[in-house]
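> got a predicted structure here, sequence first:
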Amino acid sequence: MITKKLSSNDILNEFDAANDDGRRPGEIATWLREEISELQPVVTAAVLVTAAFRLKDERGLVVALRRLATAVDVLETQRECD
């Protein structure tokens, strides 16, 4: 679960720390996968919104926007529970 917002600097700092304290890059990659895994539904829905918008598919856009709203609601609920 994500415990804080990660910036690109945070990610680079983790890789630097891995080199300093002997952690392997694979361990950091595993940690990053766990941290960002809960974002996958939001990103997927956002891509669908973009595709529907670019294709001028109004029905698809409405469906994709609803899925995006649901994914964001779920993510916010998960973060409130942490």
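Good, I have the coordinates. These numbers were taken from a predicted model, which means no experiment stands behind them.

> pull the longest helix from this structure.
Longest helix of the chain, by residue count under DSSP state H: helix 58-81.

> what comes up buried for that one?
61, 64-65, 67-68, 71 (16 or more other CB atoms under 10 Å). Quick note: C-beta positions are derived from backbone N, CA and C, even for glycine.

> check these against A29 and report the nearest one.
Using CB to CB, A71 comes nearest to A29 of the buried residues of helix 58-81, at 24.0 Å.

> and E38, which of the three is it?
Classification of E38 using DSSP: H, G, I helix; E, B strand; the rest coil returns helix.

> how many other residues sit next to it?
15 (other CB atoms under 10 Å).

> apart from its neighbours in sequence, what residue is nearest the residue nearest the centre of the chain?
Centroid check for the chain by CA atoms, centre = their mean gives L39 as the closest residue, at 2.7 Å. Using CB to CB, 6 or more residues apart in numbering and skipping residues adjacent in sequence, the residue nearest L39 is L75, 7.1 Å away.

> and the contacts of stretch 55-63?
The contact list for stretch 55-63 (CB atoms under 8 Å, 6 or more residues apart in numbering) reads 48-49, 51-53.

> how far out from the middle of the chain is it?
Relative to the centre of its chain, stretch 55-63 is centred 23 Å away, using CA atoms, centre = their mean, to the nearest Å.

> mind exporting that stretch as CSV, just the C-alpha atoms?
In CSV, the C-alpha atoms belonging to stretch 55-63 read as follows (Å, rounded to 0.1, in the frame of the first residue of the first chain):
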residue,chain,number,x,y,z
LEU,A,55,-11.9,8.7,-31.0
LYS,A,56,-14.8,11.1,-30.3
ASP,A,57,-16.8,8.1,-28.9
GLU,A,58,-19.3,9.8,-26.6
ARG,A,59,-20.8,6.6,-25.2
GLY,A,60,-17.4,5.2,-24.6
LEU,A,61,-16.2,8.4,-23.0
VAL,A,62,-19.2,8.4,-20.5
VAL,A,63,-18.5,4.8,-19.6
